[in-house]
Structures are given as C-alpha cells and as structure tokens.
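J.: 3D model of this:
(2 chains)
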Protein chains: 2
Amino acid sequence: MNRRAIGIFDSGLGGLTILKTLCKVLPREKYIYFGDTANTPYGSKSKQAVTRFSLAIARFLESQQVKLIVVACNTASALALTELQKQISVPVIGVIKPGAVKALQTTRNGKVAIIATEATTQSKAYPKELLRLHKNLTITQQACPLFVPLIEEGWIHPQAGEHIIADYLRSVQESGADTIILGCTHYPVIKNKIANCLGPKVCLVDSAEVLAEEVQALLANSHQLNTKGRGTLKIYASDDPLRFKRLAKNILGRPLKQVYLKKLN
Amino acid sequence: MNRRAIGIFDSGLGGLTILKTLCKVLPREKYIYFGDTANTPYGSKSKQAVTRFSLAIARFLESQQVKLIVVACNTASALALTELQKQISVPVIGVIKPGAVKALQTTRNGKVAIIATEATTQSKAYPKELLRLHKNLTITQQACPLFVPLIEEGWIHPQAGEHIIADYLRSVQESGADTIILGCTHYPVIKNKIANCLGPKVCLVDSAEVLAEEVQALLANSHQLNTKGRGTLKIYASDDPLRFKRLAKNILGRPLKQVYLKKLN
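T.: Modelled structure (predicted):
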C-alpha cells in the first residue's frame, strides 16, 4: 500500500471528467488535481508550448510526492506524453491509449472517428495509436474547436450549439464510423447532445473508464493501491481559483469546496 | 522626427484590426506587432495573469527601442494599463479611453452599451472611464465570450453565429442604447453582422480611429512623427508563427509575409 496521492492535470477544467471516474473506481485514493487555467486552452497551441506547460505542472506534482501522474488532457497526452515520461521520475499515464483500446473493443465495422481539438487531430496521435493496435481500420478525424468554449460557458446557446454539433459531425457521419472517440476531456459533458445528433447506431467512447482500469492495474501490480481510509481531493489552478470553482460546477455537477492558486511561470 | 518603431501588442490576433487603422493613418511609421498566442486568450483570465503577460511583452518591445507602445487589446488595457505606464519608460496608450471618447461623441440619448470579454466587463473599465468623462449616462455591459473563438475559426458556422449574436445582444437591445462600444479588438471583424442584428438606429464604435488620432497627436506634439520614407511591419508571435499567419488572413483580409517566433516565459 502507498498512501501518496495520484497527481492529475489538465489545461483547465476538462480533466475533471476523468477525475470523477477515477474517484468512483478508486475512492480510497488521495488526488491532487492541477488545472492550468493561466495557459488554457492547449488545443490551439504548439507542441513546444504544450510540452513546456505540461512539464512545469508535472514537476510541481512530483514535488508534491505523487506516486503516479495522469495526464487528463488529450492535447497534452498527444503532444507531451513522451517527453513527460522521459523527464518525470514517477509513472505518467495519458488518455490516448485507453481511448484507442476502448474504441477497438467497441467497433464492429472497423470504422472509427475521432473528434478532438485542433492540436490533437493535427498530431495524429489517435490514428497512430489505433493503427499500432490494429492494422485494418478506416479512421476519420474532425477538430471541434468551439466545443470547449461552448461547454465552459455552460452551453447557454442551445440552438447555436445544435448547429455547431451538426456542422462538425457531418464528416463523421459521412465516414460511416460506428465508433466515435470523444478525444477531448471536455466532450463527455455534451455526450448526450452528440449522441442525439449521431443516432443510436453509433457508439461514443471516452478514455475515462479504461484509464481508471489502467491506473488500478498499475497500482495493484506494484502494490501501491490505497486500500484503507477515505479518499481526499486537493485542487490547484494556475489562475483565478474562484472562476475555476464557478465553472467546475458545470462539469462536476456539484460545487467544489476549495481551489488553491498556484502560479508556475 | 524619430525613426524608431511603434510597438503594438495584443493577446493574439485581434490587435491586427488596430494595426490596420494605424498603418492607414500613419503609413510612414515602422511597426513592431506582438501577438501573445502562447497565452491567448486574455479575456477569461485574471488581472494578475494579464498584467504579468503584458509586462513581459512591453519589456520586450522596450528592448526593441520602440518610441511608444499601443496596447491593442481591451482586456490588457482594462487590467494592466496603469501598471504598464508605471513600469515602462516609453508612453503606453490603451484602447479604453479612445473607445469611451468616441462613444460620448456618438450617443444622442446618453445610453451606451459595451460588449467585451468577461475580464473587460468585470473590470468595469469602460463604465468608469465613461462616467469620468460624463456623469449622466446609462451604461449596460454584456460579455460575449464566444465571439473570439468564432471569429478565430473564420466564422464557419453562420447560422449558429447569428443565434449567438442575437442571444448576447438581447440585453443590449433592451437597454435602449443608441451607441455600442465594440470593446474587444476582434469584434470589428463581425461589425456588419452585429449591425444587422441591432438595426440602423444603433451606432457601433470602436477605438481604432480615435486611438490612431491620439497616437498621431502624441507623436506630433513631441516631434516624433515619422514624415519620410516607407513604413515597415515586423510581427512576432509567442507560439506557432504558421498558425498566426494562417489566421491573420481572416482579420487582415490579406496574407502576411513573415511572422517571427518569440517566446517570453
């Protein structure tokens, strides 16, 4: 057993969807969540910038003695995971591989689509991972840059939101994919709206569950699972903790008690 | 005459609308533009963060021997101008005062509305400046956080865009304002769409022209106007220059030759 915390980070709030699942699957663990709201969003930025931001956060989490780091951000997983794994002394797990594994378990016709940020689609991280796991696949990608700002605003323009969903998903529908990877940790918040647009024959997969299983397996195999006591959660944001608290409600569906400010630059 | 350049900066691309007007009014000047694409957007961030980003840029421009700095970003003008003027050795001009002056010249019924980012509206910089210049005014503010991402994406969802414009402008219409300040340097790009929504009786004002006149007067009064030779333009971005070049076309309406990468953190 290892009482140290699990570190988890995202460019901002999206990673809370992953945190939610982790807390459900591993409720006795301690969690330290870092939301990089000073540098958010990552999805429109370069590999160099995202790697620099991610390394600073991972080093902070390392200094907090975490036993493991979860990169709960698709863009950071796509662009910075290799560099993080090189430079950080504890295991670092990203969300791309779990999402790809789940998609392969799900698809029946071998046609998989990924919706994600601009940076994630451009990195081709999902197509590469999918094709590494299985050679015969037809893969479609679609960047959806407005989903994050719409979600963070609380989806207060439902009609406009529907148009935007329909516009983005046109290419996905035309591809005939039966499995769509929600390749951004914000997207599970609008899962039902995306499902309504695509109809019942299409499966939506996100990384959260497979990722939580991977974390559980890794900790179990190394005898580091926390099996006693109550779980805890400490949240840091790199800008305005009050704004983070306010917006977190849109994602978690419940209010947060406290968010601490931690500047990294 | 002073052959040194005019420095101008924005959180990203929006300030190009100001640059365009400056180049028209003062075509013989040299310009150095800095777009902080690594930290964009400013409009959802705190005063502390925006001041830190702005100071780093202003110090870089100072090191380039500029004779004057234009803060071509409403959020940075609203949150960081005082600090910049304290710490920077050359004159620093923001966009809030010129916008307020223009609005006062325009309004007939004394009802003025401001549409801007969340940070700009929360700072109350426009209401404070307007009330400083004229006591009897009715002022309405509306944050429009989706306008920037919609514009940066090239306004490719026209139907959704119309819904969002109508949603945001409802409170502005209800206020009876005859004058609306476009309180974000991105918004002039969709000026016609906003005007279509509000109808012909409402005037839209932006800071660009009054600001250019202020720059001209300041340089003329201090005998620093560049009266000979051809103007030049050098553009820096703090992240991915190619992306900046690609998106700048949506704002400038013409392609840029070269954008240089300059990291500041």
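J.: how about the residues of chain A near chain B?
T.: By Cβ under 8 Å from any Cβ of the partner chain, the residues of chain A that approach chain B are A:37-40, A:44-46, A:48-49, A:52, A:145-146, A:149-150, A:152-153, A:156-157, A:159-161, A:163-164, A:167, A:239-240, A:243, A:265. Just so you know, the C-beta spots here come from the backbone N, C-alpha and C atoms, and that holds for glycine as well.
J.: swap the cut-off to 7 Å and go again
T.: Of all the residues in chain A, those in contact range of chain B (Cβ under 7 Å from any Cβ of the partner chain) are A:38-39, A:45-46, A:49, A:145-146, A:149-150, A:153, A:157, A:159-160, A:163-164, A:167, A:239-240, A:265.
J.: ChimeraX command to pick out the buried ones of these?
T.: ChimeraX command restricting the residues of chain A next to chain B to the buried ones, with burial defined by 16 or more other Cβ atoms under 10 Å in any protein chain shown:
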select /A:38,39,45,46,49,145,146,149,150,153,157,160,163,164,167,239,240
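J.: quick one: which of the residues of chain A next to chain B sit in strands?
T.: Taking DSSP state E as the definition of strands, the residues of chain A next to chain B contribute nothing to them.
J.: Show me the residues of chain A next to chain B that map onto helices.
T.: A:A49, A:P149, A:L150, A:Q159, A:A160, A:H163, A:I164, A:D167 (DSSP state H).
J.: ok, the residue lying closest to A:A248 once chain neighbours are set aside - how many residues close by?
T.: Counting by Cβ to Cβ, 6 or more residues apart in numbering or on different chains, A:A248 lies nearest to A:L256, which is 5.0 Å off, once chain neighbours are set aside. By the other Cβ atoms under 10 Å in any protein chain shown criterion, the neighbourhood of A:L256 contains 17 residues.
J.: secondary structure class for A:L256?
T.: Three states are possible here, and by DSSP: H, G, I helix; E, B strand; the rest coil the one that applies to A:L256 is coil.
J.: For chain B, see how far away it is.
T.: Distance of A:L256 to chain B, computed by Cβ to the nearest Cβ, to the nearest Å: 18 Å.
J.: what's near enough to touch A:K47?
T.: Going by Cβ atoms under 7 Å, 6 or more residues apart in numbering or on different chains, A:K47 touches A:L79.
J.: does the residue lying closest to A:Q224 once chain neighbours are set aside belong to a helix or a strand, and which?
T.: Spatial nearest neighbour of A:Q224, chain neighbours left out: A:N2 (3.8 Å); criterion: Cβ to Cβ, 6+ apart. Under the criterion DSSP states H and E, no helix or strand holds A:N2.
J.: picking that back up, show the contacting residues for the residue nearest to A:A248.
T.: Contacts for A:L256 (Cβ under 7 Å, 6+ apart) come out as A:I235, A:K245, A:A248.
J.: one step back: tell me the confidence at the residue nearest to A:Q224?
T.: We have a pLDDT of 86 for A:N2.
J.: doesn't A:V66 make contact with it?
T.: No: counting by Cβ atoms under 7 Å, A:V66 is not a contact partner of A:N2; they are 10.2 Å apart.
J.: What's the separation between A:P98 and A:N74?
T.: Here the criterion is Cβ to Cβ, to the nearest Å. By it, A:P98 lies 11 Å from A:N74.
J.: Between these two, which is the more surrounded one?
T.: Counting neighbours by other Cβ under 10 Å for A:P98 and for A:N74 shows that A:N74 has the greater number, 36 against 24.
J.: Quickly note the distance from the more buried one to chain B.
T.: The span separating A:N74 from chain B equals 18 Å under the rule Cβ to the nearest Cβ.
J.: Keep only those of the contacts of A:L256 that are in helices.
T.: Of the contacts of A:L256, the ones assigned to helices by DSSP H are A:K245, A:A248.
J.: residues in contact with stretch A:112-128?
T.: Residues outside stretch A:112-128 that contact it (Cβ under 7 Å, 6+ apart) are A:42-45, A:50, A:74-75, A:78-79, A:96, A:99-100, A:103, A:130, A:137, A:139-145, A:168, A:172, A:175, A:177, A:179-184, A:187.
J.: ranges for the strands of the stretch 151-265 of chain A?
T.: According to DSSP state E, counting those that start in this stretch, the stretch 151-265 of chain A carries its strands in the segments A:179-183, A:203-205, A:232-237, A:259-261.
J.: among these, which is the most enclosed?
T.: strand A:179-183 (a mean of 27; mean count of other Cβ atoms under 10 Å in any protein chain shown).
J.: List the strands paired with that one, with their directions.
T.: With DSSP bridges as the test, strand A:179-183 is paired with strand A:111-116 (parallel), strand A:203-205 (parallel).
J.: could you dump those to CSV with mean pLDDT and distance to B:Y33?
T.: Shown next, in CSV, are the strands paired with strand A:179-183 (pLDDT from 0 to 100; distance: least, Cβ to Cβ, whole Å):
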stretch, mean pLDDT, distance to B:Y33
strand A:111-116, 98, 31
strand A:203-205, 97, 42
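J.: before we move on, the earlier item: gap between the residue nearest to A:A248 and A:K234?
T.: Taken as Cβ to Cβ, the span from A:L256 to A:K234 is 11 Å.
J.: sorry, back to before: between A:N2 and A:V66, point out the one with more neighbours.
T.: Taking A:N2 and A:V66 together and counting by other Cβ under 10 Å, A:V66 has the greater number of neighbours (22 against 14).
J.: List the residues that contact that one.
T.: A:R4, A:A5, A:I6, A:G7, A:I32, A:V90.
J.: Just the buried residues of these.
T.: Among these, the ones that count as buried by 16+ other Cβ under 10 Å are A:R4, A:A5, A:I6, A:G7, A:I32.
J.: now, which of the residues you listed sits nearest A:R59?
T.: Ranking these by separation from A:R59, with Cβ to Cβ as the measure, puts A:G7 on top at 10.6 Å.
J.: Where does that closest one sit, in terms of helix or strand?
T.: In the assignment (DSSP H and E), A:G7 maps to strand A:6-10.
J.: That strand: how far from the chain's middle?
T.: Here strand A:6-10 is found 10 Å from its chain centre; the criterion is Cα atoms, centre = their mean, to the nearest Å.
J.: just checking, what packs against the worst-scoring helix or strand of chain A on mean pLDDT?
T.: None of the helices or strands of chain A scores lower by mean pLDDT, DSSP states H and E than helix A:241-252, at a mean of 88. Using 3 or more Cβ pairs under 7 Å, 6 or more residues apart in numbering or on different chains; DSSP states H and E as the contact definition, the elements that helix A:241-252 packs against are helix A:16-25, strand A:259-261.
J.: related to what we said a few turns ago, just checking, what packs against the strand holding A:G7?
T.: The criterion is 3+ Cβ pairs under 7 Å, 6+ apart, and the helices and strands that strand A:6-10 contacts are strand A:30-35, helix A:47-63, strand A:68-71.
J.: CSV please, covering the ones you listed and showing mean pLDDT.
T.: Rendered in CSV, the data for those read as follows (pLDDT from 0 to 100):
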stretch, mean pLDDT
strand A:30-35, 98
helix A:47-63, 97
strand A:68-71, 98
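J.: Just name the most buried of the ones you listed.
T.: strand A:68-71 (a mean of 26).
J.: same for that strand, what does it pack against?
T.: Checked by 3+ Cβ pairs under 7 Å, 6+ apart, strand A:68-71 has strand A:6-10, helix A:74-87, strand A:92-93, helix A:208-221 packed alongside it.
J.: could I get the strands paired with strand A:179-183 as JSON lines with distance to B:K86?
T.: Formatted as JSON lines, those follow (distance: least, Cβ to Cβ, whole Å):
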{"stretch": "strand A:111-116", "distance to B:K86": "43"}
{"stretch": "strand A:203-205", "distance to B:K86": "52"}
